[in-house]
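Peer 1: Sequence and predicted structure, then a few things I'm wondering about:
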Amino acid sequence: MRWQLLAVGRLKAGPERELVERYRVRADALGRSSGFGALDIVELPEARARTAAERIAAEAAAVLARTAGTKLVAFDERGQSISSDEFAGRLRDWRDGGAPMSFVIGGSDGLDDSVRRRADFLVSFGRLTLPHQIVRILAAEQIYRALTILAGHPYHRGEPGGE
């Protein structure tokens with residue numbers, strides 16, 4: 001199965017890039033053994049337009065071109081706050097349905113409404129405003145965590161009072 005984490009902008013060499021790569025490698029190992037395959041991380045260039053609206057629209061066109069025919073999860077402040085177990089359940093259902101998946105992180109200016117409308121699921125990491133570099137780390141970690149939940153791996157200890 002094809003799945004990808006798309007992010008607008010490039011992470012420079014440093015601890016953020018290393019952490020995302022660490023979670024990608026871990027996700028690859030679990031993903032291959034659980035029907036997900038290797039997780040591709042795709043960095044889309046930031047648009048060079050003058051205004052934020054023009055940049056967001058140009059970046060949206062690139063995102064939509066790369067995500068056609070996939071289940072699309074957009075990480076966005078307007079999305080739903082869900083538990084890691086709920087996130088894992090969504091991924092399991094889409095995998096079992098044979099759907100390729102794309103996870104999208106917008107650039108510094110955020111996501112265009114066209115991407116939000118196209119998304120099958122909008123996920124928020126809370127009401128705080130976060131730098132897109134940190135969101136990339138959180139997204140990679142949550143993808144890995146979802147795989148550990150589905151595999152029964154001890155990395156995820158569950159919600160207090162939950163499973």
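Peer 2: In hand now; what should we look at? These numbers come from a predicted model, not from an experiment.
Peer 1: Contact partners for the most centrally placed residue in the chain?
Peer 2: For the chain, the residue nearest the mean C-alpha position is residue 103 (3.4 Å; Cα atoms, centre = their mean). Neighbouring residues of residue 103 by Cβ atoms under 8 Å, 6 or more residues apart in numbering: 3-6, 73-75, 139, 143. Yep, even glycine has a C-beta here, placed from its N, CA and C like the rest.
Peer 1: Narrow these to those in helices?
Peer 2: Those of those mapping onto helices are 139, 143, per DSSP state H.
Peer 1: Can you check the pLDDT for the residue nearest to the centre of the chain?
Peer 2: At residue 103, the model reports a pLDDT of 98.
Peer 1: would you say it is within a helix?
Peer 2: No: using DSSP: H, G, I helix; E, B strand; the rest coil, the assignment for residue 103 is strand, not a helix.
Peer 1: which sections of this structure are below the confidence cut-off?
Peer 2: Scanning the chain for pLDDT under 70 picks out the ranges 158-163.
Peer 1: any idea where the helices of it begin and end?
Peer 2: Using DSSP H, the helices of the chain run over residues 15-33, 52-67, 84-96, 113-118, 132-151.
Peer 1: follow-up on the earlier one: can you give me the distance of the residue nearest to the centre of the chain to residue 41?
Peer 2: 10 Å (Cβ to Cβ, to the nearest Å).
Peer 1: coming back round to it: residue 129: which of the contacts of residue 103 is nearest?
Peer 2: Closest approach between those and residue 129, by Cβ to Cβ: residue 75, at 12.8 Å.
Peer 1: picking that back up, now the contacts of residue 103 as JSON lines including neighbour count and distance to residue 99?
Peer 2: As requested, those are exported to JSON lines (neighbours: other Cβ atoms under 10 Å; distance: Cβ to Cβ, whole Å):
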{"residue": "3", "neighbour count": "23", "distance to residue 99": "9"}
{"residue": "4", "neighbour count": "17", "distance to residue 99": "13"}
{"residue": "5", "neighbour count": "24", "distance to residue 99": "16"}
{"residue": "6", "neighbour count": "21", "distance to residue 99": "16"}
{"residue": "73", "neighbour count": "26", "distance to residue 99": "11"}
{"residue": "74", "neighbour count": "25", "distance to residue 99": "15"}
{"residue": "75", "neighbour count": "25", "distance to residue 99": "18"}
{"residue": "139", "neighbour count": "23", "distance to residue 99": "18"}
{"residue": "143", "neighbour count": "25", "distance to residue 99": "15"}
